[in-house]
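Student: Give me a 3D structure for the following:
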Amino acid sequence: MNKSQLTRRFFLQKSMQAGLLLVAAPVIHACKEGLYSELMVDSQKCNGCGVCLKSCYYDAILLPELTRYSIDAQNCIDCGICEAVCKQKAISVASVDYFIKPANCTKCGKCLPVCDTDALIIGTNSVKYSITSSCVGCGLCVTACKSEGNAISFSVPNYSVTSSRCHSCILNCSSVCPVKAITLEGKRAKINTSLCTKCGKCLPACPYSAINPAQVTLDQAKCTKCGKCLDVCTYNSVKKDGTVSSDLPYISLEKCTRCGKCLPICPEKAIYNVNPEKSYDPILDQSLCNSCGDCFKVCNDDAIVRELFAAQIDKQKCYKCGKCETDCPENAIY
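Tutor: Next comes the predicted model:
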């Protein structure tokens, strides 16, 4: 059956249905507006895919040309998300792959929150570092942590003397100071903070506990669990609790969308990417594209360029059958 036959047959069916309904005038009057209300296109929802064109028996839908999509190579990060959602296989992207260096990974978990697809498998790490009361405030851990999470900082930056406790026995503390930072000022000891190396040798030398050390604090939220603070501390003042699983960390390439969000997050630079053997600009084959718009919806980098053409309904030709409303994938016809 050709299109003209389908059109005539469908029109006759509608006419017969309308004729039967007209017998019951009160009923028709009550639902006349619902039966014969005009169909309209929501231009905000229509993506110009043209599905409705095939649904309409009466050529009542006007769409001068399908919406065209293209890829801006400058904005594209080669993640390949659009390629994965394209059912027509119209998109080809030379996607990069991401991997983890197990030797560098401390399983700190900083990368996990940014991965939307749970592609990062790193195992468990319940390690927690803390500063004990034996800390002399030397600051070696502060320096070591700066290149990591910068989680350790001085809460009290310098050594000081409690005057009320000092008994002016200057020889006890000054004699052990390797940089001669402790002197007598009046009847009380004074520490020259510009010379003091915070080595802590004066602390046990003072019989009256009049010297106050510098103090450091550790922010657990910033700690990357790298362990460098433990390695540099010569006073056994860093405590380590918990364990790390022996499982090798890896990235599931089946789940990975190659978005690259994890790469700058890793404090140990354990995550790296590998470019494909053949690198090329992303391709969108217009001959295969059906203008569905799926790629446009998933691209977060504004790399998909859309030239939008919205459909319209010719009210003179439309028989209000509703077939286009049913078939529209975007619910743009109402």
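
Student: quick one: the helices in the stretch 1-150 of the chain?
Tutor: Along the stretch 1-150 of the chain, counting by DSSP state H, counting those that start in this stretch, helices occupy 3-22, 25-36, 51-55, 81-85, 140-146.

Student: low pLDDT regions in the stretch 1-150 of the chain?
Tutor: For the stretch 1-150 of the chain, residues meeting the criterion pLDDT under 70 lie at 1-36.

Student: what do you get if the cut-off is 90, keeping everything else the same?
Tutor: Filtered on pLDDT under 90, the stretch 1-150 of the chain yields the residue ranges 1-38, 43, 54-55, 57, 64, 77-81, 83-85, 94-97, 116-117, 147-149.

Student: Who are the contact partners of the nearest residue in space to residue 152 that is not next to it in sequence?
Tutor: Excluding its sequence neighbours, the residue lying closest to residue 152 (Cβ to Cβ, 6 or more residues apart in numbering) is residue 145, at 4.2 Å. Bear in mind the C-beta positions are built from the backbone N, C-alpha and C, glycine included. Counting by Cβ atoms under 8 Å, 6 or more residues apart in numbering, residue 145 makes contact with 151-152, 228-229.

Student: could you pull out the strands for the stretch 151-300 of the chain?
Tutor: Along the stretch 151-300 of the chain, counting by DSSP state E, counting those that start in this stretch, strands occupy 152-156, 160-161, 182-185, 188-191, 211-212, 215-218, 238-241, 250-251, 271-274, 283-284.

Student: wait, which of those is closest to residue 84?
Tutor: Set against residue 84 and scored by Cβ to Cβ, these come closest in strand 283-284, at 13.9 Å.

Student: Return the list of strands paired to the closest one, each annotated with direction.
Tutor: strand 91-92 (antiparallel) (DSSP bridges).

Student: Outside of the partner strand itself, list whatever touches it.
Tutor: Counting by Cβ under 8 Å, 6+ apart, strand 91-92 makes contact with 71, 82-83, 282-285, 295, all of which sit outside it.

Student: Could you do stretch 280-289 as well?
Tutor: 68-71, 73, 76, 78, 88-94, 295, 303.

Student: which parts of it are buried?
Tutor: Buried residues in stretch 280-289, counted by 16 or more other Cβ atoms under 10 Å: 282, 284, 289.

Student: Can you pull the poorly scored residue ranges out of the stretch 151-300 of the chain?
Tutor: Looking at the stretch 151-300 of the chain by pLDDT under 90, you get 168-171, 185-187, 221, 253-261, 267-268, 275-280, 300.

Student: The residue nearest to residue 152 and residue 219: what is the separation?
Tutor: Residue 145 sits 10 Å away from residue 219, going by Cβ to Cβ, to the nearest Å.

Student: which residues do those two both contact?
Tutor: With Cβ under 8 Å, 6+ apart as the test, residue 145 and residue 219 both reach 151-152.

Student: about what we covered before: so which of the strands of the stretch 151-300 of the chain gets nearest residue 200?
Tutor: Closest to residue 200 of the strands of the stretch 151-300 of the chain is strand 211-212 (Cβ to Cβ; 9.4 Å).

Student: I appreciate the help and will end here.
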